[in-house]
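K.L.:
Predicted model, plus sequence, below.
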Amino acid sequence: MVAIAAVVVAACGTSASSTPPGAAQSNNLFNPSSFNTSNISWLSANQNASGSPVMGGTLQIEGSTDLSAAADPQGEYETIGFTLERAYARQLLSYPASTDLTKAESVVPDAAASMPTVSSDGLTYTFTLRTGLMWNTRPPRPVTSQDFARGILRNCDPTLSPNGNPGYYMATIAGFKAFCTAFEASSPSESPAARARFINHGMNSVSGIKTPDSNTIVFTLAQPATDFNNIIALPFASAAPVEYLKYTPLAPGNVLYSDGPYAITTYNVGHEIILTRNAVWSQSTDQIRHQYVNEIDVKLDLAGSAAATEVQQDLAAGTADLEWNTNVPPAAIHGLESPTWNPQLGVFPAPGTTNPYLVFNVQSPNNGGALGNVKVRQALEYAIDKVAINKIYGGATLNEPLNQVIAPGAEGYVPFNDYPTPNNQGDAAKCKSLLKAAGYPNGLTLKDYYRNSGNHPAVFQEVQADFAKCGVTVVGTPIATGYYGSSGIGVTSPDGLKAGHWDITEPGWVPDWFGPTNGRATLPDILDGALSFPGSDWGGYDNTAVDSLVAQAESATTIGAAANLWHQADEQVMKDAPFIPFETSLTPLFHSSRLHNAIFIPFSEYYDITQVWLSS
């Protein structure tokens, strides 16, 4: 998941505390064994959870960027998209809102009446839908198993596939890869009727998806997958009503339908999204969401460079309730932590997250194709002062330098560091020496596409300064956050990468899910060319040895075997140096004093907007 502010669950204490997070409490909150430590008050309970829920009011959310895929459940792949989808899109399985990490990362039934029945060979998953699920169509009609099949098939639409992640389903569901490859290869300008023919054919021809009746859907896998329940719990597997076949995806004016507690009733692109209560949703059909507030109003048009400060001021004043795509400004953190802990501040562990990081365009022809040379990339690994990056995001209590792909808390994590520098603060002399040995004694000039909001301009400036110390000039071009998901980098063809419009960029990644089987949710997405090139493998890196290890890990029949293979893949990637990891972080969030039951949820680095209620 593209990190905007996609992540792990815990929540804050209800009372102020003078004890800051981290080592001062004899707990390393970047270590998974500490994530549920009971003596950390701000992890042990909901933030402002006291009192009985109040029905009504408008939840005010502020930020500076729009969604990347017009709120289409099969296209959204950024943390803010997952935040909003929680309210209007349901999956067969999902995750409960819980302040206990183990519970919060454990899959539970959602639109399905129960967990699936799985065959003895682990290849067949049978789901039965709950009764009473309804679309807010006119007139309202039941959600069916065919709607869930249609939703999964839509992932391969040539307009949607570059934004989402059809690779998860191609790698697991029997017969799906052939269907998806053909559909993705069709033209994005295909008419709605042509797209409908593709999908309707797939509903009859894909061997791994069968709907024997309107309440039953059966998946047959190509090989065992210990993480298939997690894949089915992704928003990409949301149901899609038949009405969606009338539209070209992502076209302005498309109607969005809801089977969740809220529906999008206003979408003023770039300015505002308003959700109101879905009148045909019933609490009796939904074990994981609520419908406390009347309305959710998301303002999208604050000034990018000043948005975080403005949002923080509005939250403190009570004119807004939640951040959208920003975090608490680092300059404000200390005053909220000390001398007493501000009860409106939450800080949460995010196991497996690498955010931000630097990725190389290994296809770039610039500098004589220098970034295609592993020795050059290895030299540049030594350039970055990761402690300085940490400071941009609030310092050592919130951030820890990361030196590999797989971060603490993710499947396959074993710490190692192929490019050590003194105190993780960079080694310009070694960088220069290795660049000279690689044939670049006079350095390089690199084009950096960097995000223009939040902390990202400061990250660019630090990268620029660090590279300058080892003789590398960095020229920056600001881009919108959505550029990763909906245009530009996110959908660049191999030929586009070879055009050399950019050499480096600094995205972030939040695992698509958590727990003991989440290896597929990070490394393959961002660095396995066999799965997602160009997609979220933004720099075009591919290595057949990594591809092989990933394939073995994904089909492993035991968690232990898979974890070992993921670690081997991690080691091989770092030898090839296609990216520079910066840090893994805790996530600070601030909310208004009138907001209650703020439960941090995985996958969106955000509070669950279907749990909160407002003081009257």
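P.N.:
Now that the structure is in, tell me what you want to look at. Numbering: from 1, shown residues only.
K.L.:
From Val347, how far off is Asn361?
P.N.:
34 Å (CB to CB, to the nearest Å). To be clear about C-beta, it is placed using only N, CA and C from the backbone, and glycine gets the same treatment.
K.L.:
what's near enough to touch Pro588?
P.N.:
Applying CB atoms under 8 Å, 6 or more residues apart in numbering, we find Pro588 in contact with Asn327, Val328, Ile333, Leu345, Gly346, Val347, Gly394, Leu398.
K.L.:
try Asn361
P.N.:
If a contact means CB under 8 Å, 6+ apart, then Asn361 has Leu371, Leu497, Gly500, Trp502, Asp503, Ile504, Thr505, Trp538, Gly539, Gly540 as its contacts.
K.L.:
What's the separation between it and Pro457?
P.N.:
As for Asn361, its distance to Pro457 is 20 Å (criterion: CB to CB).
K.L.:
what bits of this protein have low per-residue confidence?
P.N.:
Within the chain, the set of residues satisfying pLDDT under 70 comprises 2-29, 31-48, 481-483, 485-488, 490-494, 530-535.
K.L.:
Have a look at it and report its longest helix.
P.N.:
In the chain, ranked by residue count with DSSP state H as the criterion, the top helix is helix 559-576.
K.L.:
Now that helix: buried residues?
P.N.:
Burial within helix 559-576, assessed by neighbour count using 16 or more other CB atoms under 10 Å, is assigned to 559, 562-574, 576.
K.L.:
Lys391 and Pro330 touch, don't they?
P.N.:
Yes: using CB atoms under 8 Å, Lys391 is in contact with Pro330, at 7.3 Å.
K.L.:
Have a look at the two and say which one is more surrounded.
P.N.:
More neighbours surround Pro330 than the other of Lys391 and Pro330, with 19 against 16 (other CB atoms under 10 Å).
K.L.:
Surely the more buried one and Asn390 touch.
P.N.:
No: proximity of Pro330 to Asn390 does not meet the contact threshold set by CB under 8 Å, at 9.8 Å.
K.L.:
one step back: max pairwise distance over the buried residues of helix 559-576: which two?
P.N.:
Farthest pair in those (CB to CB) is Ile559 and Asp576. Separation: 26.2 Å.
K.L.:
Let me see the contact set for Gln223.
P.N.:
Leu123, Thr172, Ser555.
K.L.:
Arg520 now?
P.N.:
Neighbours of Arg520 in contact, by CB under 8 Å, 6+ apart: Tyr168, Ala171, Asp227, Ile231, Val550, Ala553, Glu554.
K.L.:
Distance-wise, check it relative to Ile231.
P.N.:
Counting by CB to CB, the separation of Arg520 from Ile231 is 8 Å.
K.L.:
from the contacts of Pro588, which ones fall inside helices?
P.N.:
Short answer: the contacts of Pro588 in helices (DSSP H) are Ile333.
K.L.:
would TSV of the contacts of Pro588 with neighbour count be doable?
P.N.:
Formatted as TSV, those follow (neighbours: other CB atoms under 10 Å):
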residue	neighbour count
Asn327	24
Val328	25
Ile333	21
Leu345	20
Gly346	26
Val347	28
Gly394	24
Leu398	25
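K.L.:
what's the farthest-apart pair in the contacts of Pro588?
P.N.:
Pairwise distances across these peak at 13.1 Å for Gly346 and Gly394 (criterion: CB to CB).
K.L.:
Buried residues of stretch 320-340, list them for me.
P.N.:
Using 16+ other CB under 10 Å as the test for burial, stretch 320-340 gives 320-330, 332-333, 336-337.
K.L.:
what does stretch 124-133 give?
P.N.:
Thr124, Tyr125, Thr126, Phe127, Thr128, Leu129, Arg130, Leu133.
K.L.:
Is Lys375 in a helix, a strand, or coil?
P.N.:
The three-state assignment at Lys375 reads helix, by DSSP: H, G, I helix; E, B strand; the rest coil.
K.L.:
Setting aside sequence neighbours, what's the nearest residue to it?
P.N.:
Nearest residue to Lys375, sequence neighbours excluded (CB to CB, 6 or more residues apart in numbering): Ala438, at 3.8 Å.
K.L.:
thought the one you found was touching Gly372?
P.N.:
No: between Ala438 and Gly372 there is no contact, the gap being 11.4 Å when judged by CB under 8 Å.
K.L.:
OK, contacts around Tyr257?
P.N.:
Contacts of Tyr257 (CB under 8 Å, 6+ apart): Trp135, Asn136, Thr137, Pro241, Glu243, Tyr244, Ala263.
K.L.:
which residues touch the first one?
P.N.:
Spelled out, that is Trp135. Here Trp135 is in contact with Arg141, Pro142, Val143, Asp147, Pro241, Tyr257, Ser258, Asp259, Val280 (CB under 8 Å, 6+ apart).
K.L.:
any idea how far it is from Pro349?
P.N.:
On the measure of CB to CB, Trp135 and Pro349 end up 37 Å apart.
K.L.:
Run a quick neighbour tally on Thr181.
P.N.:
Thr181: 12 neighbours (other CB under 10 Å).
K.L.:
Secondary structure element holding it?
P.N.:
Taking DSSP states H and E as the criterion, the element that holds Thr181 is helix 176-184.
K.L.:
Kindly report the same for Arg150.
P.N.:
Judged by DSSP H and E, Arg150 forms part of helix 145-154.
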